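Q: coordinates only, sequence not included:
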């Protein structure tokens, strides 16, 4: 009986110790280290911006967000249910990261507009997106979805970089980065580029989660039960690629009309019929290109599924 009491006491001690260590690592990686980097960044930005407090605070907030997202990877291993070290949620994490990082980068602007409405923040959405999107590339290195190695129970990258670079679900991540930069660059003078991009990303975030919910559940269950799911993984690749591709082209298609609409309302500029027709045909061209790529993807993934061995289907 004494041994049971000692064992229970020891278990309570270990549990309490583990909780204290988790609390410590949380404060260290999520608060202390990012805060220290942010404080250092503030003084550097303050010096570079010639003592401009608003600019220093703006870039300090970006630094703080970037630091938290970067160091979360190191804190993740101390959680009971890690996000980035849990191989069963790779497809889900891939969706969360690309959309949430983009959304975080876009909501920085309205926050500072609320604090200093007399200040101009046209380029802040572009700058914050370029900085924070680096986190997407960083975490995708740790969360591959190229194939699943059943022998070790982990998702892995393709055998070679050249092979991985040819996969469309990897290509759209880079395309998403480039098109968002173009979108925010073309519309920065409108002062509401962040709003158009934010609405589009939030919409497609939920669309992607809903459209892939069933297939993600099948993949997660298959991982836990050690069943083959190559067919389901290819289907997820397709759904994910189509969703990001659709987001990209929605941004491209709306660029001409966003520019015309905002300038007409804010600056009372009357556009000629030729300008309106050119905007329409530019958007139509983007739409036709989108349809052509969709057709290509449909045939591409159909061929991949047809090549699967019968025991993989």
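A: Arrived safely. As the structure is a prediction and not an experimental result, all values here were calculated from the model.

Q: show me the contacts for residue 258.
A: 187, 190, 193, 196 (CB atoms under 8 Å, 6 or more residues apart in numbering). All C-beta spots, glycine's among them, are computed from the backbone N, C-alpha and C.

Q: quick one: which of those sit in helices?
A: Counting by DSSP state H, those place 193, 196 in helices.

Q: Can you pick out the most distant pair from the contacts of residue 258?
A: 190 and 196 (8.2 Å; CB to CB).

Q: more crowded one of the two?
A: residue 196 (23 against 19; other CB atoms under 10 Å).

Q: For the more buried one, give its distance to residue 218.
A: 35 Å (CB to CB, to the nearest Å).

Q: Now do the buried residues in the lengthiest helix in the chain.
A: In the chain, with assignment by DSSP H, the single longest helix is helix 230-266. Buried residues in helix 230-266, defined by neighbour count with 16 or more other CB atoms under 10 Å: 230, 232-256, 258-260, 262.

Q: Also stretch 182-194?
A: 183, 184, 186, 187, 188, 190, 191, 192, 193, 194.

Q: which one among those residues gets closest to residue 34?
A: Checking these one by one against residue 34 (CB to CB), the nearest turns out to be residue 194, at 23.1 Å.

Q: which residues touch that closest one?
A: 106, 107, 109, 110, 124, 125, 184.

Q: and which of the residues you listed is nearest to residue 37?
A: Relative to residue 37, the closest of the contacts of residue 194 is residue 124; by CB to CB it sits at 19.7 Å.

Q: Am I right that the closest one is in contact with residue 112?
A: Yes: counting by CB atoms under 8 Å, residue 124 touches residue 112, with 6.7 Å between them.

Q: For residue 191, grab phi and psi.
A: phi 70, psi 0 (degrees, to the nearest 10).

Q: gap between it and residue 152?
A: Residue 191 sits 51 Å away from residue 152, going by CB to CB.

Q: Check residue 99 too.
A: 29 Å.

Q: So those two - more neighbours on which side?
A: Set residue 99 next to residue 152 and count neighbours by other CB under 10 Å: residue 99 wins out with 22 against 8.

Q: In which helix or strand does the spatially closest residue to the more buried one that is not a sequence neighbour reside?
A: Counting by CB to CB, 6 or more residues apart in numbering, residue 99 lies nearest to residue 205, which is 3.9 Å off, once chain neighbours are set aside. If you go by DSSP states H and E, residue 205 is part of helix 193-211.

Q: list the buried ones in that helix?
A: So for helix 193-211, counting by 16+ other CB under 10 Å, buried means 193, 194, 195, 196, 197, 198, 200, 201, 204, 205, 208.

Q: what's the answer for stretch 145-164, then?
A: Under the neighbour-count criterion of 16+ other CB under 10 Å, stretch 145-164 has 145, 146, 148, 155 buried.

Q: Among those, name the ones in helices.
A: Among these, none falls in helices (DSSP H).

Q: what's the lowest-pLDDT member of the contacts of residue 258?
A: Least confident entry in the contacts of residue 258, by pLDDT: residue 190, with 78.

Q: Does that residue touch residue 260 like I think?
A: No: Residue 190 lies out of contact with residue 260 (CB under 8 Å); the separation is 10.3 Å.

Q: mind listing what's buried in stretch 282-291?
A: 283, 286, 290.

Q: should've said stretch 276-283
A: Per 16+ other CB under 10 Å, stretch 276-283 contains these buried residues: 279, 283.

Q: any idea of the mean pLDDT in it?
A: For stretch 276-283, the mean pLDDT works out to 86.

Q: Also stretch 167-185?
A: 93.

Q: what separates that stretch from the chain centre, distance-wise?
A: Averaging C-alpha positions (CA atoms, centre = their mean, to the nearest Å) puts stretch 167-185 11 Å from its chain's average.

Q: Any buried residues in it, and which?
A: Buried-residue list, stretch 167-185, by 16+ other CB under 10 Å: 168, 169, 170, 172, 173, 175, 176, 177, 179, 180, 183, 184.
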